[in-house]
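Peer 1: Quick one: sequence and predicted model below, then my questions.
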Amino acid sequence: MKPTRIILASSVFVAALAVPVLIHQTATFAAPPAPSAAAPAAPAGNCKTFGAGKCCSPDVTLHLAKEAIYAACGESDATFLGEAGSKETCKFHFQVAGEKSEETFVQVYAPAVKEVLDKPTDPFLSYKKVGKVWMTDKSKSPKAAAMAANNTGLYLPGRGYFVSVMASNKVCTKAEAVNLSKSMK
């Protein structure tokens with residue numbers, strides 16, 4: 001046989017072997033099935049809401065659950081007034097004797113972001129590291145002193161998100177907030 005016929009015959013043979021492989025790959029790369037609907041948020045009525053608030057999104061509460069607040073801060077269903085949720089925030093309100101219920105809360109904020117800071121940058125407050133979480137230490141200005149005296153802030157960086165918690169010191173003392181920080185995800 002002439003060399004060109006050998007090359008042509010070899011090419012036809014290789015092409016014949018490649019057809020089943022290509023057919024299999026085409027089937028493998030076929031369009032994926034239609035995605036199922038996203039997991040629905042907690043239905044209204046599946047939670048106890050505070051005021052005109054809505055149930056919190058499970059995407060937020062997976063970073064800090066109400067039960068973790070109960071355990072760390074000494075709260076319970078008896079003192080829990082309800083939750084008020086929005087897209088990236090959940091505010092858990094508690095009853096504290098002699099205090100306004102709008103001011104006695106633990107708020108969780110967990111947005112998805114492209115760039116996550118390793119530690120919080122706040123011009124008014126300084127932070128200290130407590131385990132894997134950053135915790136407010138003291139105020140840098142007289143204007144921020146009242147906020148630092150009434151609330152404890154926690155910050156946990158993640159991959160593609162961060163979790164920020166602001167806990168009223170009337171609900172969760174600074175010592176209890178250290179325990180609460182261990183439950184953040």
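Peer 2: Cool, got the structure.
Peer 1: Sticking with the closest residue to Gly53 other than its chain neighbours, tell me its helix or strand.
Peer 2: Leaving aside its sequence neighbours, Gly53 sits nearest to Ala84 (C-beta to C-beta, 6 or more residues apart in numbering; 2.7 Å). Quick note: C-beta positions are derived from backbone N, CA and C, even for glycine. Per DSSP states H and E: Ala84 is located in strand 80-85.
Peer 1: if we can go back for a sec, dig out what the residue nearest to Gly53 forms beta bridges with.
Peer 2: Legend: beta-bridge partners of Ala84 under DSSP bridges are Lys91.
Peer 1: Just to check, it is in contact with Cys47?
Peer 2: No - look at Ala84 against Cys47 with C-beta atoms under 8 Å: they stay out of range, at 10.2 Å.
Peer 1: anything in contact with each of the two?
Peer 2: Common neighbours of Ala84 and Cys47 (criterion: C-beta atoms under 8 Å, 6 or more residues apart in numbering): Cys56.
Peer 1: And the helices in the protein, which stretches?
Peer 2: 3-28, 58-61, 66-73, 142-150, 174-181 (DSSP state H).
Peer 1: Student question: in the chain, what's the helix or strand with minimum average pLDDT?
Peer 2: helix 3-28 (a mean of 40; mean pLDDT, DSSP states H and E).
Peer 1: quick one, the strand holding Ala84 and helix 66-73 angle?
Peer 2: Between strand 80-85 and helix 66-73, the angle comes out at 130 degrees (axes from the mean of the first three to the mean of the last three C-alpha atoms, to 10 degrees).
Peer 1: what mean pLDDT does strand 80-85 have?
Peer 2: Strand 80-85 comes out with an average pLDDT of 97.
Peer 1: which outside residues touch it?
Peer 2: Residues contacting strand 80-85 (C-beta under 8 Å, 6+ apart): 47-51, 53-57, 60, 66, 70, 90-95, 101.
Peer 1: what do you get if the cut-off is 6 Å, keeping everything else the same?
Peer 2: For strand 80-85, the surrounding residues in contact (C-beta atoms under 6 Å, 6 or more residues apart in numbering) are 47-50, 53-57, 90-95, 101.
Peer 1: now swap in stretch 155-173 and tell me
Peer 2: Contacts for stretch 155-173 (C-beta under 6 Å, 6+ apart): 63, 73, 94, 96, 99, 104-110, 112, 116, 118, 120, 133-134, 150-154, 177, 180, 184.
Peer 1: Among those residues, name the ones in strands.
Peer 2: Residues of the contacts of stretch 155-173 located in strands (DSSP state E): Phe94, Phe105, Val106, Gln107, Val108, Tyr109, Val133, Trp134, Asn151, Thr152, Gly153, Leu154.
Peer 1: and which of these is nearest to Ala145?
Peer 2: Nearest to Ala145 among the ones in strands among the contacts of stretch 155-173, counting by C-beta to C-beta, is Asn151 at 11.6 Å.
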